[in-house]
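*Asks:* here are the coordinates; sequence isn't available:
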């Protein structure tokens, strides 16, 4: 496995986990129920896991780096907006 794939996956996973936590907090704040936050977290974690596996295995270099950059950008904006 190439080193760039591991680096791109790590750069995808770190902001991805932070983003999941931010979205879970927003879901709990809006609904007031922990179950909604848990379901939101599971959906986000599943999507992040699929993206990480695709980055590690099949995505071309440009797509992997764009995906990592977009996730980092979205989480940065979400963190600044909340």
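*Replies:* Yes, it's here. Predicted model, so just to flag it, every value in this text is computed and none were measured. Residues are numbered from 1 along each chain as shown.

*Asks:* alpha carbons only for contacts and neighbour counts from here, please
*Replies:* Noted.

*Asks:* isn't residue 21 right next to residue 41, touching?
*Replies:* Yes - under the criterion of C-alpha atoms under 8 Å, residue 21 makes contact with residue 41 at 7.3 Å.

*Asks:* Compare those two (neighbour count), which wins?
*Replies:* Using other C-alpha atoms under 10 Å, the more surrounded residue of residue 21 and residue 41 is residue 41, with 21 against 17.

*Asks:* burial measure for residue 33, as a count.
*Replies:* 11.

*Asks:* how close does it sit to residue 26?
*Replies:* For residue 33, the distance to residue 26 equals 11 Å [C-alpha to C-alpha, to the nearest Å].

*Asks:* list the buried ones in the top helix by length along the chain?
*Replies:* Of all the segments of type helix in the chain, defined by DSSP state H, the longest one is helix 3-31. Using 16 or more other C-alpha atoms under 10 Å as the test for burial, helix 3-31 gives 5, 8-13, 15-17, 19-25, 27-28.

*Asks:* Go ahead and confirm residue 8 touches residue 68.
*Replies:* Yes - counting by C-alpha under 8 Å, residue 8 touches residue 68, with 6.3 Å between them.

*Asks:* show me what contacts the residue of the chain positioned farthest from its centre?
*Replies:* The centre of the chain is farthest from one residue, residue 32, which by C-alpha atoms, centre = their mean lies 23.1 Å away. Shown in contact with residue 32 (C-alpha atoms under 8 Å, 6 or more residues apart in numbering): no residues.

*Asks:* For it, give its distance to residue 67.
*Replies:* Where residue 67 is concerned, residue 32 sits at a distance of 32 Å (C-alpha to C-alpha).
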